[in-house]
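K.L.:
okay, sequence plus prediction incoming.
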Amino acid sequence: MRSIFQLILFVLPAILPAQQILPERERAKVMDEILEERFNHLLPELMDKTDIDMWIVISREYNEDPVIRTMLPATWLNARRRTILLFYRNKATNTLDKLAVARYNVGESIVSAWDKEKEPDQWKRLIQLIEERNPKKIGLNFSKDHNIADGLDKTDYDEFMANLPKKFHSRVGSAEQLAVRWIETRTPREMAIFAQLTDITHHIVAEAFSEKVITPGITTTDDVVWWMRQQVTDLGLDTWFHPTVDIQRNNEGLVSHLTSFSAGEAEKVILPGDLLHCDFGITYLRLNTDCQEMGYVLLPEEREAPQFLVNALKDGNRVQDFLTQNMIKGRVGNDILAKSLQAAKDTGLRPSIYTHPLGTYGHSAGTTIGMWDAQGGIAKDDGENYPLNPNTAYAIELNATVNIPEWNRDIRIMLEEPGFYGEEGFRYVNGRQTELLLIPRPKPQLGN
């Protein structure tokens, strides 16, 4: 029975979102345009702010530095051989050299600066370029605290230092601040695209939590998960993690955070009266979304969700408000977390906050505001305890535990929405869930 249902489910076409999804060739053009804008306008600004006048990014094919992945043109799916990128910022002349110590130009912006016939040794050519520019500070991608800024492998580091003249050794340091700022900072054009991507994400979730996909008593949570995956594939998009769908119901106890965030729940048949939750994110034009929304399966006699569930969702929205009100420029993640949790608890809420940077990567670099298993904050020497900067995006991820006397148990309202922090403060990228998605959607009542 299930296999037949699944076959029918996957053949039914989704109603496409009211957004244009570009074919591959046009996507490549847009990605390269955005990359060139970031190199020419954003990177000089970030190098000045972090006081690094030379940034060297070294990576080998199939062992790519997370940073170099964000710098390759659309037609480069990997680095080639050993790819070395050199960025030199001369603030006095307001110029930025973008050079590749590689056999090829790296896209339109980064010009090859190595003729192997003239200098067979790649490392020697790199040193020549360094000596010609005589930088004050050379940034390399190594970091104890920021995983995304720690992409330089030991072999390449050892080779670089062995070839670098001793007079430059004292000028070498971690580029972690520059790398994190490069990864976390979004341009206006990227945010316009991000709004489109978030709209597509919301559309897929709304259809997944509807009678178009869910037939109570037949459809399972895994059916919905794989339907969502298939829609992403059919739209020509990607997903950066496998979605989940889980159920809370009135005759079952609340599972632990560990089960929710690690082990997951076993496949279940969806029934009337179930409170549904999904975790879902997609990738498009090198940006990633991350959304969690909730739905409710109406009982035969119901035309709307019970008021106690409506009120519970409002509690989740209130926790969101306490968090986003405390997102203030320069405030570190631990402080935002502590102030938000305390403010929520003072009103009687039972919150848990685990918000992370979002954008170029799903779990990206930048200001992390709590973790589900670290509600007291992150270690002070951890680089993730990092100040909030403008023009950055986040997955506003959290939950509120709510007691439901009608069910004689607690439930967990779990929400996650893409948000943007700019010079004028916080905003949601494309709104947030304030009403439960009802299955089936209520229809006009027929007369006798």
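P.N.:
In hand now; what should we look at?
K.L.:
when you work out contacts or count neighbours from here on, use the C-alpha atoms and nothing else.
P.N.:
Noted.
K.L.:
name the strands paired with the helix or strand where residue 96 lies and say parallel or antiparallel.
P.N.:
Here residue 96 sits within strand 95-100, counting by DSSP states H and E. Its sheet considered, strand 95-100 pairs with strand 82-90 (antiparallel), strand 111-112 (parallel) by DSSP bridges.
K.L.:
residues in contact with that strand: which ones?
P.N.:
The contact list for strand 95-100, computed with CA atoms under 8 Å, 6 or more residues apart in numbering, reads 40, 44, 83-90, 106, 109-114.
K.L.:
filter those residues down to the buried ones and hand me the PyMOL line.
P.N.:
Of these, the buried ones can be selected in PyMOL as follows, counting by 16 or more other CA atoms under 10 Å:
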select buried, resi 44+83+84+85+86+87+88+89+90+106+109+110+111+112+113+114
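K.L.:
just to revisit the earlier point, how about the strand holding residue 96: buried residues?
P.N.:
96-100.
K.L.:
go on, stretch 401-414?
P.N.:
Per 16+ other CA under 10 Å, stretch 401-414 contains these buried residues: 401-402, 410-414.
K.L.:
start to end distance for that stretch?
P.N.:
9 Å (CA to CA, to the nearest Å).
K.L.:
quick one: mean pLDDT over it.
P.N.:
Across stretch 401-414, the average pLDDT comes to 97.
K.L.:
quick one: residue 169 from residue 140, how far?
P.N.:
Applying CA to CA, the value for residue 169 to residue 140 is 12 Å.
K.L.:
the more surrounded of those two?
P.N.:
residue 140 (23 against 13; other CA atoms under 10 Å).
K.L.:
the more buried one touches residue 52, doesn't it?
P.N.:
No: using CA atoms under 8 Å, residue 140 is not in contact with residue 52, being 10.0 Å away.
K.L.:
on that earlier part again, report the two of the buried residues of strand 95-100 separated the most.
P.N.:
Largest separation among the buried residues of strand 95-100 by CA to CA: 96 and 100, giving 13.1 Å.
K.L.:
show me where pLDDT drops low in the stretch 51-200 of the chain?
P.N.:
Along the stretch 51-200 of the chain, the parts satisfying pLDDT under 70 run over 78.
K.L.:
in stretch 205-212, what counts as buried?
P.N.:
By 16+ other CA under 10 Å, the buried positions in stretch 205-212 come out as 205-210.
K.L.:
pull up the distance across that stretch, start to finish.
P.N.:
Terminal-residue distance, stretch 205-212 (CA to CA): 12 Å.
K.L.:
contacts only, for residue 320.
P.N.:
396, 398.
K.L.:
on the three-state scheme, it is what?
P.N.:
Classification of residue 320 by DSSP: H, G, I helix; E, B strand; the rest coil places it in helix.
K.L.:
re earlier: closest to residue 164 among the buried residues of stretch 401-414?
P.N.:
If you rank these by distance to residue 164 using CA to CA, residue 414 comes first, at 51.5 Å.
K.L.:
I figured residue 375 was touching residue 352, is that so?
P.N.:
Yes: using CA under 8 Å, residue 375 makes contact with residue 352 at a distance of 6.9 Å.
K.L.:
returning to what we had before: just the buried residues of stretch 205-212: which are in strands?
P.N.:
If you go by DSSP state E, these have nothing in strands.
K.L.:
TSV for the residues you listed, including distance to residue 187 and pLDDT?
P.N.:
Converted to TSV, the buried residues of stretch 205-212 look like this (distance: CA to CA, whole Å; pLDDT from 0 to 100):
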residue	distance to residue 187	pLDDT
205	27	98
206	28	97
207	30	97
208	31	98
209	33	98
210	35	97
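K.L.:
burial measure for residue 117, as a count.
P.N.:
By the criterion of other CA under 10 Å, residue 117 has 7 neighbours.
K.L.:
no no, residue 339
P.N.:
Neighbour count of residue 339, defined by other CA under 10 Å: 16.
K.L.:
list the contacts of the helix or strand harbouring residue 192.
P.N.:
Remark: residue 192 resides in helix 188-208, with elements defined by DSSP H and E. Residues outside helix 188-208 that contact it (CA under 8 Å, 6+ apart): 17, 19, 34, 213-214, 224, 227-228, 231, 278, 280-284, 287-289, 291, 293, 418, 429-430, 437.
K.L.:
buried among those? Need that as a selection in ChimeraX.
P.N.:
The ChimeraX command for the buried members of those (criterion: 16+ other CA under 10 Å) is given here:
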select :213,214,224,227,228,231,278,280,281,282,283,284,287,288,289,291,293,418,429,430,437
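K.L.:
do you know how far residue 206 is from residue 197?
P.N.:
Taken as CA to CA, the span from residue 206 to residue 197 is 14 Å.
K.L.:
hang on, I meant residue 421
P.N.:
17 Å.
K.L.:
nearest spatial neighbour of residue 74, skipping sequence neighbours?
P.N.:
Spatial nearest neighbour of residue 74, chain neighbours left out: residue 28 (5.1 Å); criterion: CA to CA, 6 or more residues apart in numbering.
K.L.:
tell me the secondary structure for that neighbour?
P.N.:
Look at residue 28: counting by three-state DSSP, its state is helix.
K.L.:
which secondary structure elements does the helix or strand where residue 411 lies contact?
P.N.:
Taking DSSP H and E as the definition, residue 411 sits inside strand 409-422. Counting contacts by 3 or more CA pairs under 8 Å, 6 or more residues apart in numbering; DSSP states H and E, strand 409-422 is packed against strand 291-297, helix 307-325, strand 392-404, strand 425-428.
K.L.:
tell me how far the helix holding residue 192 is from the chain's mean position?
P.N.:
13 Å (CA atoms, centre = their mean, to the nearest Å).
K.L.:
now do the next helix or strand after that helix: which elements does it pack against?
P.N.:
Downstream of helix 188-208, the next assigned helix or strand under DSSP H and E is helix 221-234. Using 3+ CA pairs under 8 Å, 6+ apart, the elements in contact with helix 221-234 are helix 2-11, helix 188-208, strand 244-248.
K.L.:
burial check on residue 120, number of neighbours?
P.N.:
Burial of residue 120 is recorded as 11 neighbouring residues (other CA under 10 Å).
K.L.:
no wait, residue 368
P.N.:
In terms of burial, residue 368 registers 28 neighbours under the definition other CA under 10 Å.
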